[in-house]
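In: Sharing a model that was predicted from the sequence below.
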Amino acid sequence: MSVKHAFYAQSGGVTAVINASACAVIETARRYDDKIGKVYAGHNGILGALREELIDTSLESHETIGALLRTPGGAFGSCRYKLKPIGESEAEYRRLIEVFRAHDIGYFFYNGGNDSMDTALKVSQLSEQMGYPLTCIGVPKTIDNDLTVTDNCPGFGSAAKYLAVSTKEASHDIASMCDTSTKVFVMEVMGRNAGWLAAAAGLAARQENDPPHIIVFPEIPLNRERFLQKVKETTEQEGYCVIVASEGARYEDGSFVSASTTVVDSFGHQQLGGVAPALCTTIKQELGYKYHYAVADYLQRSARHIASRVDVEQAYAVGKAAVELAVTGRNAVMSAIIRESNAPYRWSVGEASLDKVANFERKMPMDFITEDSFGITRSCREYLEPLIEGEEYPAYLNGLPRFARLKKVMVEKRLNKPFEL
């Protein structure tokens with residue numbers, strides 16, 4: 001009996017280290033060639049399976065696959081595409097099984113966040129109903145750090161490091177010019193419902209009154225008057241004020257500080273962005289201070305040049321563990337990081353049932369946020385600090401990082417009909 005092939009796909013917003021997980025899945029699968037045949041990667045995530053666009057990673061050299069460890073972005077392409085609920089339509093899920101059956105695929109590794117774990121769970125359930133054995137394993141990834149069960153999410157540590165460093169550097173700039181120029185600086189970071197990234201910027205503050213002076217969390221409704229008073233007091237005392245604001249910041253009535261009322265993404269979420277200029281406009285109108293703002297946007301999730309070594313190691317570890325879970329017979333689970341101690345920092349990799357992860361969201365604990373709602377507590381710092389430890393620089397050529405360049409050779413299609421999305 002021939003061994004089954006594996007399908008690997010990247011999903012959602014990419015990170016500085018998601019390719020480290022891809023590297024681990026492919027390298028580990030190659031070591032288990034008595035149980036896993038080839039690894040096919042989905043071109044542009046799950047769409048690659050629906051469209052039967054499969055990349056044959058066996059045609060990539062060991063050196064190229066190894067270079068993924070230090071390459072940002074999604075090397076095989078990712079997508080924001082949410083499969084319909086099974087009760088609403090089974091067509092997409094049945095198409096996945098058809099493609100997997102046509103290419104003799106017996107393993108499905110899905111590298112993503114909450115929605116991705118839901119997809120992996122549903123594919124596992126439907127494959128069983130259809131009588132087609134398929135091992136489905138989730139590989140955690142998200143800079144939002146909002147997956148449950150796992151202590152933290154690969155991708156977050158590097159984004160956190162970038163934001164903490166950027167906040168610290170920008171604060172020195174503002175401090176040096178505040179007497180005659182900018183008084184207020186606002187940095188907008190990602191995070192719709194969970195303020196982990198905003199909290200990470202708080203690591204820049206080592207001593208009392210160090211910037212950032214104000215952090216705006218999505219978990220805490222923003223009181224406009226208290227916010228403006230804090231800005232005024234800080235500026236008068238320190239000469240300047242540095243603010244880090246989550247894109248998902250909301251006012252007390254539940255409305256976003258800044259959001260489009262008409263534009264939604266593929267998951268039906270309001271398109272966010274613009275909280276920094278919105279806050280700056282309010283500050284200018286009410287307090288008259290000169291301001292500047294920055295939007296970290298894609299920079300925070302793609303900054304491989306300053307990735308956390310811990311994050312890189314964990315991204316590789318969860319990819320490796322996913323394959324090991326699969327070949328030992330585990331199914332419908334996600335590899336997960338387990339924190340064993342803070343000081344010294346120790347961690348290991350375990351597993352979480354997909355039904356305990358899918359569509360759940362972990363927000364900042366209230367004891368991680370200071371009483372005035374504008375900062376992080378010592379317990380939050382103790383949780384975050386180990387995740388940004390160490391540097392894992394890519395190789396450089398002529399002053400720029402060298403990243404992997406894949407051939408991306410497609411597998412010949414075996415189904416006659418294309419799939420209409």
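Out: Right, received. Where do you want to start? Quantities reported herein were computed from a predicted structural model and do not represent experimental measurements.

In: most centrally placed residue in this protein?
Out: By Cα atoms, centre = their mean, the chain has its centre lying nearest to Thr142, at 1.9 Å.

In: any idea what sits nearest that one, other than its immediate chain neighbours?
Out: Once flanking residues are discounted, Thr142 sits nearest to Gly113: 3.9 Å by Cβ to Cβ, 6 or more residues apart in numbering. C-beta here means a position set from N, CA and C on the backbone, and glycine is covered the same way.

In: check contacts around that neighbour.
Out: Residues in contact with Gly113 (Cβ atoms under 8 Å, 6 or more residues apart in numbering) are 11-12, 140-142, 144, 146-147, 153.

In: ditto for Ile65
Out: Contacts of Ile65 (Cβ under 8 Å, 6+ apart): 23, 26-27, 57, 404.

In: my guess is Ala326 contacts Ser124, does it?
Out: No - contact criterion Cβ atoms under 8 Å: Ala326 and Ser124 do not qualify, at 11.7 Å.

In: Do a quick rundown of the strands in the stretch 1-150 of the chain.
Out: Here the stretch 1-150 of the chain has its strands, by DSSP state E, counting those that start in this stretch, at 4-10, 36-42, 54-56, 105-112, 135-140.

In: The helix or strand harbouring Met334 pairs with which strands, and in what direction?
Out: Here Met334 sits within strand 333-341, counting by DSSP states H and E. Partners of strand 333-341 in the sheet, by DSSP bridges, are strand 135-140 (parallel), strand 346-353 (antiparallel).

In: count of residues packed around Asp372?
Out: Asp372 has 10 neighbours, counted by other Cβ atoms under 10 Å.

In: Around the closest residue to it other than its chain neighbours, count how many other residues there are.
Out: What sits nearest to Asp372 in space, not counting adjacent residues and going by Cβ to Cβ, 6+ apart, is Lys230, at 7.5 Å. By other Cβ under 10 Å, 18 other residues sit near Lys230.

In: any idea which helix is longest in this structure?
Out: The single longest helix within the chain, with elements called by DSSP state H, is helix 156-177.

In: helices and strands around that helix, which ones?
Out: If you count contacts as 3 or more Cβ pairs under 8 Å, 6 or more residues apart in numbering; DSSP states H and E, helix 156-177 packs onto strand 184-189, helix 196-201, strand 241-246, strand 291-295, helix 299-302, helix 309-327.

In: mind running it again at 6 Å?
Out: helix 196-201, helix 299-302, helix 309-327 (3 or more Cβ pairs under 6 Å, 6 or more residues apart in numbering; DSSP states H and E).

In: Please identify the most buried of those.
Out: Looking across the helices and strands packed on helix 156-177 with neighbours counted as mean count of other Cβ atoms under 10 Å, the highest average goes to helix 196-201: a mean of 29.

In: I'd like the average pLDDT over it.
Out: Across helix 196-201, the average pLDDT comes to 98.

In: Name the next helix or strand downstream of that helix, please.
Out: strand 214-216.

In: ok now that following strand, how far from the chain's centre?
Out: 21 Å (Cα atoms, centre = their mean, to the nearest Å).

In: list the helices and strands it packs on?
Out: strand 241-246.

In: partners of the strand it packs on, with directions?
Out: For strand 241-246, pairing defined by DSSP bridges yields strand 184-189 (parallel), strand 214-216 (parallel).

In: In JSON lines: the ones you listed, plus distance to Lys4.
Out: Putting the strands paired with strand 241-246 into JSON lines (distance: least, Cβ to Cβ, whole Å) gives the following:
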{"stretch": "strand 184-189", "distance to Lys4": "42"}
{"stretch": "strand 214-216", "distance to Lys4": "48"}
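
In: mind checking which of those strands is nearest Arg95?
Out: strand 184-189 (37.0 Å; Cβ to Cβ).

In: Let me have the contacts of Ile65 in a markdown table, adding neighbour count, distance to Glu252 and pLDDT as columns.
Out: A markdown table is the format used below for the contacts of Ile65 (neighbours: other Cβ atoms under 10 Å; distance: Cβ to Cβ, whole Å; pLDDT from 0 to 100):
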| residue | neighbour count | distance to Glu252 | pLDDT |
| --- | --- | --- | --- |
| Cys23 | 25 | 46 | 98 |
| Ile26 | 25 | 49 | 98 |
| Glu27 | 19 | 50 | 98 |
| Thr57 | 26 | 50 | 98 |
| Ala404 | 20 | 47 | 97 |
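
In: Which two of those residues have the greatest separation?
Out: Glu27 and Ala404 (12.9 Å).

In: what does stretch 344-357 rub up against?
Out: 117, 120-121, 138, 147-149, 317, 321, 325, 332-340, 386 (Cβ atoms under 6 Å, 6 or more residues apart in numbering).
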